[in-house]
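Colleague: Show me the folded form of this:
(2 chains)
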Amino acid sequence: TQLLEQSPQFLSIQEGENLTVYCNSSSVFSSLQWYRQEPGEGPVLLVTVVTGGEVKKLKRLTFQFGDARKDSSLHITAAQPGDTGLYLCAGYRGSTLGRLYFGRGTQLTVWP
Amino acid sequence: NAGVMQNPRHLVRRRGQEARLRCSPMKGHSHVYWYRQLPEEGLKFMVYLQKENIIDESGMPKERFSAEFPKEGPSILRIQQVVRGDSAAYFCASSPPSMVNTEAFFGQGTRLTVV
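Modeller: Here you go, the predicted model:
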């Protein structure tokens, strides 16, 4: 069973549209990370959220950590073809040191 | 500041051979982690190491797999007598002592193909 469930698994949209990706769990996480992975490459860290209710903005990307620290969302405004990639959420649990738990990812394709 | 360096990027091994995957962490990072990514699956934790110490190897198969992070040199993930099911992308990540359980930075991975 997957500790972090991401939805949707696939997302195909037109340039200029907005989208939201969700990352949910029944477990509490001490921090959550969002990564983006291109084919043949390693995950690249986009953001870390630590505090329940925290919202972070990175240009057109908005990340939110749920109040109870069990879920997170990634919202992209006015998507561009360059946003295409695999988006992964991952988190640390306080009970295990150093171990990241990953969701299966959301494959985003943005068409021109 | 160079990122996490992994080599080789691609490795092909015949069944029964040994595979050695290397990882040099970012400068100043003394904590190293190995993850495996199978097709259609997310990244799965394998092992967490500090210099000369294995902190958590609970995600690593008990047989044929071993990992080390010596005082000098890169971390090594070793797979003995490889089987087809070992074909996957293996990623190394590192973090500084102050960022354990907060952030980890990943290398580009080694794609292992067992033929």
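Colleague: which stretches of the chain have low pLDDT?
Modeller: Because you didn't say which chain, this covers chain A. Counting by pLDDT under 70, chain A has low-confidence residues at A:1.
Colleague: you looked at the wrong chain, it should be chain B
Modeller: In chain B, residues with pLDDT under 70: B:1.
Colleague: Quick test: name the residue nearest the centre of it.
Modeller: B:Trp34 (3.5 Å; C-alpha atoms, centre = their mean).
Colleague: list the contacts for that one?
Modeller: Contact analysis of B:Trp34 by C-beta atoms under 8 Å, 6 or more residues apart in numbering or on different chains lists B:23, B:46-47, B:49, B:60, B:67, B:75, B:77, B:90-93. (C-beta placed from N, C-alpha, C; glycine too.)
Colleague: for it, which residues make a bridge with it?
Modeller: Note on B:Trp34: beta-bridge partners by DSSP bridges are B:Val47, B:Cys92.
Colleague: Output the set of residues of chain B in proximity to chain A.
Modeller: B:4, B:6, B:31, B:33, B:35, B:40-45, B:48, B:55-56, B:59, B:91, B:93, B:95, B:100-109, B:111 (C-beta under 8 Å from any C-beta of the partner chain).
Colleague: Buried ones from those residues, can you make that a ChimeraX selection?
Modeller: Selecting only the buried entries of the residues of chain B next to chain A in ChimeraX, with 16 or more other C-beta atoms under 10 Å in any protein chain shown as the criterion:
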select /B:4,6,31,33,35,42,43,44,45,48,55,56,59,91,93,95,100,101,103,104,105,106,107,108,109,111
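Colleague: returning to that earlier point: may I see the contacts of B:Trp34 organised as a markdown table, with distance to A:Lys70 added?
Modeller: Listed next are those as a markdown table, based on distance: C-beta to C-beta, whole Å:
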| residue | distance to A:Lys70 |
| --- | --- |
| B:Cys23 | 32 |
| B:Met46 | 25 |
| B:Val47 | 27 |
| B:Leu49 | 29 |
| B:Met60 | 28 |
| B:Ala67 | 31 |
| B:Ser75 | 32 |
| B:Leu77 | 32 |
| B:Tyr90 | 30 |
| B:Phe91 | 26 |
| B:Cys92 | 29 |
| B:Ala93 | 23 |
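Colleague: most neighbours, which of the residues you listed?
Modeller: B:Cys92 (30 neighbours; other C-beta atoms under 10 Å in any protein chain shown).
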